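J.: the sequence isn't on hand, but the structure is:
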């Protein structure tokens, strides 16, 4: 039985959103690569023929997987999508056998090495690697889909197209992928009135101009409609002014270099590089939820509290005091069920780093994340700034982005997959280790839950966090102690 992804609407926009264009532009500095990858752990290697059938069907259903990026005309419009006339499915899919003994450390190192191979920005922006040779007869699928195609939620919905809820689900029918791509290319040339160089340029100018006009007219209409409502509701004008001030404040925090003597953040984790190291911790979703219930915290609050406690222990072991850790978490702003696309905002937050009980740390983080979420919802977060920032020179954007990212000790995100077993081409998915975009921060720590397990992918810049294995161990012990302390706290509370 297949997943419901076949019935979902597919994101088919012809141009990048402002937020996607910002991620695309700043990646001209390779340190700011905004894309993440994932490593699906399997109980056995996939059936190669079945997997390729599933994946070819998925690509045929998702145009952006056979499209390439076409720059807009200057900064007048965001980049567009066009079918790649040289699309080659085999270029994007390959198999690797892990050398003996095929242990987890070797698998995580391979995943990090694959991540550091950049995508070709002139081709469709994705790559899959099936992996065999794991100890115990297991397998894996490493995958990378560029962030401009989909965020984490959008990518999980894409995965529904090649996953199933039955190990023996029949493979899909053969699809003429090359024919579909050829027809799309021919259609694109027809749209450009022949597709030669001159007409292509005319088409680019025409499309760009049309896009620019619609963009500016839309902005003007929203402003006019907003102002027209003020006489009937004077308080609305005050609220909008407060929102504008909040947005300006957010822009200053997220883009401008820090100043004013702010000494927060780790003094150990200041160096940055393009190197990566992947570590993994697994906890149980039920333990996270139970801990959160004790103090009225969300699962994400407990997740961040465990990370902050682990980071505190790492520094305490080295006798390095820290006031707070500069971190962030991601809030999905999706209101649709589409496959692909981007709809999220990163929310900056300072996590307490000093000595305190785990319960106190969790309670503090609960309050801080609630306040940060509220601030992001009022200001619109980074997404609200993207259109403005895209008008700035690329060198200015990348310099500001690298400066801002360099002050973040670790970024976080957590994703929720299915509460039931999933299979891919005959293999059961036993877990997923995410490699979230480090992008100039000290680390990205992204979790994925599946059938009650909560896998935490700790993707580290080893130039920043020089002992990643020790950091991983402290995070694991922090969660273990957190669950014990919160359980004891819960038992000590008087019952009504």
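T.: Thanks, I have the structure now. In this text, all values refer to a predicted model and were calculated from it rather than measured experimentally.
J.: residue 474 in helix, strand or coil?
T.: Judged by DSSP: H, G, I helix; E, B strand; the rest coil, the three-state class of residue 474 is helix.
J.: contacting residues for it?
T.: By CB atoms under 8 Å, 6 or more residues apart in numbering, the contact list for residue 474 reads 310-311, 313-314, 317. Where C-beta positions appear, they are placed from N, C-alpha and C, glycine not excepted.
J.: for residue 25, same thing?
T.: Contacts of residue 25 (CB under 8 Å, 6+ apart): 390, 394, 397.
J.: which helix or strand contains it?
T.: helix 18-26 (DSSP states H and E).
J.: with residue 303 instead?
T.: Assigned by DSSP H and E, residue 303 falls in helix 299-317.
J.: what about the helix or strand following that helix, average pLDDT?
T.: Remark: after helix 299-317, the chain's next helix or strand is strand 324-332, criterion DSSP H and E. For strand 324-332, the mean per-residue pLDDT is 94.
J.: now residue 400: how far from residue 22?
T.: Counting by CB to CB, to the nearest Å, the separation of residue 400 from residue 22 is 12 Å.
J.: neighbour count winner among those two?
T.: Between residue 400 and residue 22, counting by other CB atoms under 10 Å, residue 22 is the more crowded of the two (24 against 17).
J.: quick one, what contacts that one?
T.: Taking CB under 8 Å, 6+ apart, one finds 386, 389-390, 397 in contact with residue 22.
J.: what do you get for residue 110?
T.: 96, 98, 131, 142.
J.: got a winner among these for most neighbours?
T.: Top of the contacts of residue 110 by neighbour count (other CB under 10 Å): residue 131, with 25 neighbours.
J.: just confirm that one contacts residue 98, I think it does.
T.: Yes: the criterion here is CB atoms under 8 Å, and residue 131 meets it with residue 98 at 5.9 Å.
J.: now do the shared contacts for the two.
T.: With CB under 8 Å, 6+ apart, residue 131 and residue 98 have common neighbours 107, 110.
J.: quick one on the thing from earlier: which of the contacts of residue 110 fall in strands?
T.: Among the contacts of residue 110, DSSP state E puts 96, 131, 142 in strands.
J.: check what pLDDT the first one gets.
T.: Okay, so that is residue 96. So, for residue 96, pLDDT stands at 97.
J.: any chance of JSON lines for the contacts of residue 110, columns distance to residue 376?
T.: Shown next, in JSON lines, are the contacts of residue 110 (distance: CB to CB, whole Å):
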{"residue": "96", "distance to residue 376": "40"}
{"residue": "98", "distance to residue 376": "41"}
{"residue": "131", "distance to residue 376": "38"}
{"residue": "142", "distance to residue 376": "32"}
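J.: where along the stretch 101-250 of the chain do the helices fall?
T.: 104-115, 152-159, 177-191, 197-228, 234-255 (DSSP state H, counting those that start in this stretch).
J.: where does pLDDT dip in the stretch 101-250 of the chain?
T.: Applying pLDDT under 70 to the stretch 101-250 of the chain flags residues 191-250.
J.: if you rank the contacts of residue 474 by neighbours, which is first?
T.: Highest count within the contacts of residue 474 by other CB under 10 Å belongs to residue 311, 28 neighbours.
J.: verify the stated contact: that one with residue 325.
T.: Yes: assessed by CB under 8 Å, residue 311 is found in contact with residue 325 at 5.5 Å.
J.: mind listing the shared neighbours of these two?
T.: 266, 351, 353, 409-410.
J.: pick out whichever of these sits closest to residue 124.
T.: residue 410 (30.9 Å; CB to CB).
J.: so what's that closest one bridging to?
T.: residue 327 (DSSP bridges).
J.: which residues touch it?
T.: With CB under 8 Å, 6+ apart, residue 410 has these contacts: 307, 311, 325, 327, 441-445.
J.: among those, which ones are buried?
T.: 307, 311, 325, 327, 441-445 (16 or more other CB atoms under 10 Å).
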